[in-house]
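**Student:** Predicted model and sequence follow; I will ask about them next.
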Amino acid sequence: MGSRFWPASTSTRPKQLLPLASTNPLIVDTLDRARCVVPDDRIHILTGSALAQAFRAADPGLHSDALMIEPRSIGTAPVLVWAAWEFAKRDPDAVLISLHADHMIRPESAFVDLLHATARLARQEDLLFTVAVPPTRPEIGYGYIEPGQAMGEASGVRAFRVASFREKPDEETAEAYVRAGHLWNSGIFVWRASTFLTEVRNVAPELADLLHLLEDDKVDEFFDRAPVSTVDVAVLERSRRVASVAATFEWDDVGSWEALMRTQEPDDEGNVVIGSGHLVESSGNVVYSPDGTVVAYGVDDLVIVRSGDTTLVTRRDLAPSLKDLLDELPAELQADPSLGEDPESEE
């Protein structure tokens, strides 16, 4: 929730509340996209109680039942099981679309068209669909999808079965995956709630054995007993009923300060500045400074972040490894004692 965007991001102000892909917080960008796919009253945010008020403040237009508060943050598998259970009760044919709140997606129109088409496929097929993204570079921070048998192409959608998932490889392996035609796993999921719950029963006994708690409306006990797990590991990697559609839009997981070079428009010298910054004889820098002014002279390829009383200066190539830095800092410099990786994060 915090480490890769430290010092601006903390457990009470995660990156989803920062303007990293546009002038809006990431959560607002995500909600705006979602409203182009479904009516507002069908949009729900799965989150913990600590962030509920902040998310409502970020988007005051949220309907009264928009927030689904998980009793304990233990990963995407348990919370998506809970969501599927709740919506299957309301509508046995319900199709769920799961979006992360930290993505950059362009153009929006292609995203909307693809999700509508994928939802139609999910109604026709007892499969769990993911959106797979053609890679633009070897990336060690993403999961990879090995394409399997093609399912045909209709309405501009290229669908195929998934042969395997490959999680976050090293650099050499990532290069081999790209050469072999593997695709990035975007973390965007589309499936019927009933299909997902069936696969949970088939392949994830550690969660299936707890479904009776949801049936008895014992949600707190379900979260108390469920293991920490991501949906990729608990369900998708084990299932033989996973398919993908190829993305028709530009996608980026805003995973570190360096990613702003891809999500923001740089100046003529290749610098990206959010907030107040003046850069002279400098190029290829990322500056984030909403709390004051940063002045840089004669420096290249740095990340400079000024947030509150803390200023971070590091090389761009080290930005994805900020957790290593934080492990070396005294607690008083970390600003947030709960700083660290979010167990729900699949980055």
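**Tutor:** On my side now, so go ahead.

**Student:** Look up how far residue 328 lies from the nearest residue to residue 184 once chain neighbours are set aside.
**Tutor:** Once flanking residues are discounted, residue 184 sits nearest to residue 133: 4.2 Å by C-beta to C-beta, 6 or more residues apart in numbering. Using the backbone N, CA and C atoms, a C-beta is placed for each residue, glycine as well. Separation of residue 133 from residue 328 (C-beta to C-beta, to the nearest Å): 34 Å.

**Student:** pLDDT score for the residue nearest the centre of the chain?
**Tutor:** Central residue of the chain (C-alpha atoms, centre = their mean): residue 100, 3.5 Å from the mean position. In this model, residue 100 is scored at 94, pLDDT.

**Student:** can you check residue 333 too?
**Tutor:** 72.

**Student:** quick one: contacts for it?
**Tutor:** Applying C-beta atoms under 8 Å, 6 or more residues apart in numbering to residue 333 gives the contacts residue 310.

**Student:** quick revisit: how about the residue nearest to the centre of the chain, phi and psi?
**Tutor:** phi -80, psi 150 (degrees, to the nearest 10).

**Student:** Over to residue 162?
**Tutor:** phi -100, psi 120.

**Student:** That one: neighbouring residues, count only.
**Tutor:** Residue 162: 25 surrounding residues under other C-beta atoms under 10 Å.

**Student:** So for the residue nearest to the centre of the chain, what's the nearest residue that isn't a sequence neighbour?
**Tutor:** Nearest one to residue 100, counting by C-beta to C-beta, 6+ apart, is residue 187 at 5.0 Å.

**Student:** Keeping just the C-alphas, turn stretch 102-122 into PDB.
**Tutor:** Taking C-alpha atoms only, stretch 102-122 is exported to PDB below (Å, rounded to 0.1, in the frame of the first residue of the first chain):
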ATOM      1  CA  ASP A 102      -4.100   1.800  -9.800                       C
ATOM      2  CA  HIS A 103      -4.200   1.300 -13.600                       C
ATOM      3  CA  MET A 104      -3.600   3.700 -16.500                       C
ATOM      4  CA  ILE A 105      -5.900   2.900 -19.500                       C
ATOM      5  CA  ARG A 106      -6.200   4.700 -22.800                       C
ATOM      6  CA  PRO A 107      -8.300   5.200 -24.800                       C
ATOM      7  CA  GLU A 108     -11.400   4.700 -22.600                       C
ATOM      8  CA  SER A 109     -13.600   3.900 -25.500                       C
ATOM      9  CA  ALA A 110     -11.600   0.800 -26.400                       C
ATOM     10  CA  PHE A 111     -11.700  -0.300 -22.800                       C
ATOM     11  CA  VAL A 112     -15.400   0.100 -22.500                       C
ATOM     12  CA  ASP A 113     -16.100  -1.800 -25.800                       C
ATOM     13  CA  LEU A 114     -13.800  -4.700 -24.800                       C
ATOM     14  CA  LEU A 115     -15.400  -5.100 -21.300                       C
ATOM     15  CA  HIS A 116     -18.900  -5.200 -22.800                       C
ATOM     16  CA  ALA A 117     -17.800  -7.800 -25.300                       C
ATOM     17  CA  THR A 118     -16.100  -9.900 -22.600                       C
ATOM     18  CA  ALA A 119     -19.100  -9.700 -20.400                       C
ATOM     19  CA  ARG A 120     -21.200 -11.200 -23.300                       C
ATOM     20  CA  LEU A 121     -18.600 -14.000 -23.500                       C
ATOM     21  CA  ALA A 122     -18.800 -14.600 -19.800                       C
END
